Structures are given as structure tokens and as C-alpha cells.
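*Asks:* Following is a predicted model, sequence given first.
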Amino acid sequence: MEKLRFNNFQVLKLGKLNDICKIETGKFNNDKSGIYNVYGANGIIGKTNNLSHNEKIIIVGRVGSAGKTAIVEEPCYVSDNAFILTSNNQDYLFAYLNSLNLNKLSFGSVQKLIKSSD
């Protein structure tokens, strides 16, 4: 094993994003009015009485504004145009995601898209 120059640092290992956080896709919502904000790929897109999340979450645009990231700290509903990520350290995960330039994963000529398998 390689001798570490600094004893207090851990050796980092490569893995997949879903090794460090939970990733899910938002759902279609046909309720067009209500008390909760509906978040899409690029921010608030409407209101609903349906609630999908009541915790601090990270939203990553999946369709349209593919790769755009946001932290949401209010009860809300997330549409099927976005991924929802949760972890034990949301702030670190958010900074990490922003460093990745996720929009480079998008494809399509008119409506940019990121797949969960990417």
C-alpha cells in the first residue's frame, strides 16, 4: 500500500453518484392550482395541492434546462422534468454537482435531456 504523506487524509475511491445519494425522478402533476410550489427543470412552474417532498432537496434539470441545479428547502412538488437528489450532506453534494458541469451530459437538438443512466 502506498504510504500517505499526510496521515489524517483518507484515500478517495471512485464510485457512482447513487453510491452517495438517493436519486429519483419527479412525477407528472395535473393539478394546476394550490398551496405548494411545483418545481421543474428551471425553477417554479406552477402550484399544486399535491406534496411530493417535505425536506431539503436538490433538483437537477432533466428535460429542457438539463443539468441546471437548485436547492429547495420548502414543502414542494417536483415535476417529471427534474431529478431529486437527497443525501446526508446536501450542501456538499450541491457544490459537487455544480463542479461537474452536468449540462455536458445533455443530448438532443431541440429539447435537451439527461437520462438517469448517465
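*Replies:* Here it is on my side, so go on.
*Asks:* where exactly do the strands run in the chain?
*Replies:* Here the chain has its strands, by DSSP state E, at 22-25, 36-40, 43-48, 57-61, 69-72, 76-78, 82-86.
*Asks:* Nearest to residue 101, out of those strands?
*Replies:* strand 69-72 (10.7 Å; Cβ to Cβ). No exception for glycine: its C-beta is placed from N, CA and C like everyone else's.
*Asks:* Sheet-wise, list the partners of that closest one with their directions.
*Replies:* strand 57-61 (antiparallel) (DSSP bridges).
*Asks:* Now do the strand it pairs with: everything it contacts.
*Replies:* Outside strand 57-61, the residues within contact range by Cβ atoms under 8 Å, 6 or more residues apart in numbering are 26, 39-42, 67-72, 76, 78, 81-86, 90, 93-94, 97, 102, 114.
*Asks:* Report the buried members of these.
*Replies:* Buried members of the contacts of strand 57-61, counted by 16 or more other Cβ atoms under 10 Å: 26, 39-42, 67-70, 72, 76, 78, 81-85, 90, 93-94, 97, 102, 114.
*Asks:* For the nearest residue to residue 73 once chain neighbours are set aside, list the residues it contacts.
*Replies:* Spatial nearest neighbour of residue 73, excluding adjacent residues (Cβ to Cβ, 6 or more residues apart in numbering): residue 56 at 4.9 Å. Residues in contact with residue 56 (Cβ under 8 Å, 6+ apart) are 71-73, 86, 90.
*Asks:* ok, now with 7 Å
*Replies:* Residue 56 makes contact with 71, 73, 90, according to Cβ atoms under 7 Å, 6 or more residues apart in numbering.
*Asks:* Look up how far residue 80 lies from it.
*Replies:* 21 Å (Cβ to Cβ, to the nearest Å).
*Asks:* picking up where we left off before, can you put the contacts of residue 56 in a markdown table and add distance to residue 63 and pLDDT?
*Replies:* As requested, the contacts of residue 56 are exported to a markdown table (distance: Cβ to Cβ, whole Å; pLDDT from 0 to 100):
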| residue | distance to residue 63 | pLDDT |
| --- | --- | --- |
| 71 | 20 | 95 |
| 73 | 23 | 96 |
| 90 | 23 | 92 |
